[in-house]
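*Asks:* Build me a structure from this.
(chains A, B, C and D)
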2 protein chains.
Amino acid sequence: MEAYTKLLFFWSINVIHARIYLRNRFRKTPENCLFSLQLVHFVQQRLFRTLNINLLNGTTIKQLAKELNLSAGSVSKALKDSHEISSETKQKVLALAAKYHYTPNPYASSLRKRKSKTIAVVLPEVADSFFSLAINGIESVAQAKGYHVLIYLSHEDFKREEQILSAFRSGRVDGILISVSEETSQADHIKEVLTAGIPVVFFDRIFDDIEAAKISTNDFEGAYEATRCLLERGCKKISFLSIAANLSITSKRVQGFQKALHDAHIGATDADVLLCSNDMEQNCRLIRQLLEQRDKPDGIIASVEKLVTPVYLVSKQLGMAIPDDLKVIGFTNLHSASILEPSLTTVTQPAFEIGKTAASVLFKGLEEKHFTLSAQTITIPSMLVERASTRGNQ
Amino acid sequence: MEAYTKLLFFWSINVIHARIYLRNRFRKTPENCLFSLQLVHFVQQRLFRTLNINLLNGTTIKQLAKELNLSAGSVSKALKDSHEISSETKQKVLALAAKYHYTPNPYASSLRKRKSKTIAVVLPEVADSFFSLAINGIESVAQAKGYHVLIYLSHEDFKREEQILSAFRSGRVDGILISVSEETSQADHIKEVLTAGIPVVFFDRIFDDIEAAKISTNDFEGAYEATRCLLERGCKKISFLSIAANLSITSKRVQGFQKALHDAHIGATDADVLLCSNDMEQNCRLIRQLLEQRDKPDGIIASVEKLVTPVYLVSKQLGMAIPDDLKVIGFTNLHSASILEPSLTTVTQPAFEIGKTAASVLFKGLEEKHFTLSAQTITIPSMLVERASTRGNQ
DNA sequence: CTGAAAGCGCTAACAG
DNA sequence: CTGTTAGCGCTTTCAG
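*Replies:* Presented below is the predicted three-dimensional model:
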């Protein structure tokens, strides 16, 4: 019965408080809001707090300390196996922590320690298999190291990329892995984050004129080899399908392509590089035009994954036989490359490895004091896997 | 010169402190650790702190307040456009905040407000296109709502899934989106999280006997339609390739398959369902066995994406023509379905939509007090897209 | 070896 | 309208 009286007492107190609160808070509403939902909610909250009912939250260090007649500090130390705690105490603490499934509040400790054990991964998109595999690589390292992974997609939009990056100045993450958007042509937003002291590792789509760690594949050589392969298989005129020209991967691949042509004493013109977009219909039209013209290519290099499908589609529509009329190579990790008809020769990207390496390098930078992250520029080779789409026909 | 003296003074003080500290901290090392790396590091840190040098961190509310001759409280209110702050003050605060690129420390406010504006996405894997698209859907909603997305992969491992989930009891995330692993056959780990007050939304691979929101596709109907399609195209014996039997998606798809056979007055035996694994070589062998036996099927349904490739590969190896000798349907979102030869009839999964819906429902549950999340069971229809791999041959 | 105390940056109640 | 105050839960000195 006493408990009931107590409750009633609190109730009346709280109703008074609530009215004042509500009058302040929701000015517009008149005073007769006495039984509004907000009031009920407020009183409820208040009651719980007054009666010290912890609704949602897990065990805290304080509670453990109280139950063990220890101080919070000692419990904290015991939990991290500090040498200044007796093993006896440690055991007691650990036992109780296990019993209550104690999990430290990450926000409290991040606040205090000024680091969050969290990294951000900023990607342009995650539709194709390249970035999926990269995420896989990143996540596997992060999980092993006890880090958490926040994912952000820029959707190839520079404005969004800027917004995403600018939010990191708050210290939400200890480090950033980024593959820049197609639209990204300058790196002020990244420099700002760097000067705020947050390490950045570029992967795949790196940005050359900035001092930061860069993990990528050998784009130049990959394209060079691909072009060589087509030439060796008898191609006389090769077209290179490319995307956003300002991307490092694009320009290097184009360079590799042109160098290979040059080395084979074939004049390379800009007309051999077809700039594609994100609009697939548009791309199909472009490729169709390319393959319908009089001076059409007998070899095509699709420099990113998403350009493979249009090439196959259009050549089918036009009745061109691969590899007899047209030889094709794609930069891709697609599992289905081997079951395409004909199976597709690929410059297989080390996607998982790139992700894994990027994450490893970042963690190394975070954990080892005397490791200059920005000096890390690692190139992981891609692999030319020849399949039926480039089979020779002479 | 004075600054130099001051520095020297601090240096000596700190060296003394450092020695004591080090002796305590690294017991094993003898006292002659005077010039160890740890010492240098310690002194450095200490110096920075003493001289009040804030190395990494951004602007704080306190700093803004000081510069504006306001209290921290008022600045905080001004920043969130509280009605109890004059518009004049607000403007000043906002201006200064913009000038200094003030970004609130998320850990401080999460700690205080007991919510993090962060959700977790727990996935079995992210190699194929289904989960990629789902992530895309989730992220797009999250970004719009100002939420952050943590990604965790269980790698189809129940133990890991448990570990991942158990870490969420600490309040790291406000809500969880999960697609369970193949090995998950009981849901205690999820119930624990739920009783800790953290809302959970299942997507795609849901778990039936638990009270939580569930977003999935019409697995039963999809399989039913696929089977019907094969029967209509003249198949007499259909095999259903499946994975881990305890998954909801698997059992429902198998049921749809069997119901369709049953409705067509064809006896369905368990032998028609081929249980595949994660080991691709193993799967190829199984499928090969299947297609080599005397009583081999003339129709195959690959109930998950990764089983499509083996079917095409093996049938090619065995010289079986699709669709003449064997008709194939796959549950998949693969872009390349249309460029396979023959192009693949698919039960196209609404992957993006599932992700988007799951996230939307979760956010609704988080933001609207009177919305019973657990009552949400939404089914988003898949779509049978017929292509060449099931073309009729009679 | 343990305890007390201060404070990370922010918010919300409460007082003026 | 603004200021003061008291924490959120944890870590880290520093004192005993």
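*Asks:* Which positions in chain A make contact with DNA strand D?
*Replies:* Counting by Cβ under 7 Å from any atom of the strand, the positions of chain A adjacent to DNA strand D are A:24, A:54, A:57, A:60-62, A:72-73, A:76-77, A:79-80, A:104-105, A:108-109, A:111-113. In short, each C-beta sits where N, CA and C put it, glycine included.
*Asks:* And the strands in the stretch 51-200 of chain A?
*Replies:* Ranges of strands in the stretch 51-200 of chain A, per DSSP state E, counting those that start in this stretch, are A:118-123, A:148-153, A:175-178, A:200-203.
*Asks:* Please dump the ones you listed into TSV; it should also carry mean neighbour count for every row.
*Replies:* Putting the strands of the stretch 51-200 of chain A into TSV (neighbours: other Cβ atoms under 10 Å in any protein chain shown) gives the following:
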stretch	mean neighbour count
strand A:118-123	25
strand A:148-153	22
strand A:175-178	26
strand A:200-203	27
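*Asks:* Could you work out which of those strands reaches nearest to B:Ile176?
*Replies:* Set against B:Ile176 and scored by Cβ to Cβ, the strands of the stretch 51-200 of chain A come closest in strand A:148-153, at 13.6 Å.
*Asks:* Please, which helix or strand holds the spatially closest residue to A:Ser140 that is not a sequence neighbour?
*Replies:* Distances taken as Cβ to Cβ, 6 or more residues apart in numbering or on different chains put A:Lys356 closest to A:Ser140, at 6.5 Å, once the chain neighbours are dropped. Assigned by DSSP states H and E, A:Lys356 belongs to helix A:351-367.
*Asks:* so for that helix, what's the average pLDDT?
*Replies:* Averaging pLDDT along helix A:351-367 gives 95.
*Asks:* which parts of the helix or strand following it are buried?
*Replies:* Of the helices and strands lying after helix A:351-367 in sequence (DSSP H and E), the nearest is strand A:377-380. Within strand A:377-380, the residues scored as buried using 16 or more other Cβ atoms under 10 Å in any protein chain shown are A:378-380.
*Asks:* got those as CSV, with pLDDT columns?
*Replies:* Shown next, in CSV, are the buried residues of strand A:377-380 (pLDDT from 0 to 100):
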residue, pLDDT
A:Ile378, 96
A:Thr379, 96
A:Ile380, 97
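*Asks:* Let me see the ranges of the helices in chain A.
*Replies:* For chain A, the helices defined by DSSP state H occupy A:2-25, A:37-50, A:61-68, A:72-79, A:87-99, A:106-113, A:129-145, A:158-166, A:188-195, A:219-232, A:248-263, A:280-292, A:308-317, A:351-367.
*Asks:* What mean pLDDT does the first one get?
*Replies:* The reference is to helix A:2-25. Helix A:2-25 comes out at a mean pLDDT of 48.
*Asks:* same question, the second one
*Replies:* The average pLDDT for helix A:37-50 rounds to 50.
*Asks:* contacting residues around A:Leu70?
*Replies:* When contacts are counted by Cβ atoms under 8 Å, 6 or more residues apart in numbering or on different chains, A:Leu70 touches A:64, A:78, A:89, A:93.
*Asks:* Which residues of the stretch 251-394 of chain A lie near chain B?
*Replies:* Contact residues, the stretch 251-394 of chain A versus chain B (Cβ under 8 Å from any Cβ of the partner chain): A:306, A:308-309, A:312-313, A:316, A:334-336, A:338-341, A:369.
*Asks:* same question, the stretch 1-150 of chain A
*Replies:* Close to chain B, as judged by Cβ under 8 Å from any Cβ, the stretch 1-150 of chain A has residues A:24, A:27, A:41, A:55-58, A:83-84, A:101, A:103-108, A:110-111, A:114, A:116, A:118, A:121, A:125-129, A:131-133, A:135-136, A:139-140, A:143, A:148-150.
*Asks:* and with 7 Å instead?
*Replies:* Proximity of the stretch 1-150 of chain A to chain B (Cβ under 7 Å from any Cβ of the partner chain) is limited to residues A:27, A:55-58, A:83, A:101, A:103-108, A:110-111, A:114, A:116, A:126-127, A:132-133, A:135-136, A:139, A:148-150.
*Asks:* Can you tell me which of those residues are classed as buried?
*Replies:* Buried subset of the residues of the stretch 1-150 of chain A next to chain B (neighbour count, 16+ other Cβ under 10 Å): A:58, A:103-108, A:110-111, A:116, A:126-127, A:132-133, A:135-136, A:139, A:148-150.
*Asks:* related to what we said a few turns ago, list buried residues within the contacts of A:Leu70.
*Replies:* By 16+ other Cβ under 10 Å, those give A:64, A:78, A:93 as buried.
*Asks:* I figured the first one hits A:Tyr102, correct?
*Replies:* In this case it means A:Leu64. Yes: using Cβ atoms under 7 Å, A:Leu64 is in contact with A:Tyr102, at 6.3 Å.
*Asks:* Between the helices of chain A, which one is closest to A:Gly175.
*Replies:* helix A:351-367 (4.7 Å).
*Asks:* Which positions in the closest one come out as buried?
*Replies:* Residues A:351-363, A:365-366 are the ones in helix A:351-367 that count as buried (16+ other Cβ under 10 Å).
*Asks:* and of those residues, the nearest to DNA strand C?
*Replies:* A:Leu366 (18.7 Å; Cβ to the nearest atom of the strand).
*Asks:* Would you quantify the distance from that closest one to B:Thr357?
*Replies:* The gap separating A:Leu366 from B:Thr357 is 36 Å, by Cβ to Cβ, to the nearest Å.
*Asks:* same question, A:Ile322
*Replies:* A:Ile322 is 39 Å from B:Thr357, by Cβ to Cβ.
*Asks:* returning to that earlier point: with distance to B:Val193 as added columns, please give the strands of the stretch 51-200 of chain A in TSV.
*Replies:* Supplementary listing: the strands of the stretch 51-200 of chain A in TSV, determined by distance: least, Cβ to Cβ, whole Å:
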stretch	distance to B:Val193
strand A:118-123	20
strand A:148-153	16
strand A:175-178	28
strand A:200-203	32
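*Asks:* Those strands into CSV, with extra columns for distance to DNA strand C and mean pLDDT?
*Replies:* Below are the strands of the stretch 51-200 of chain A laid out as CSV (distance: least, Cβ to the nearest atom of the strand, whole Å; pLDDT from 0 to 100):
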stretch, distance to DNA strand C, mean pLDDT
strand A:118-123, 16, 97
strand A:148-153, 19, 98
strand A:175-178, 18, 97
strand A:200-203, 21, 96
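*Asks:* So which of those strands is nearest A:Glu281?
*Replies:* Using Cβ to Cβ, the nearest of those to A:Glu281 is strand A:148-153, at 22.6 Å.
*Asks:* Fine by me, thanks again.
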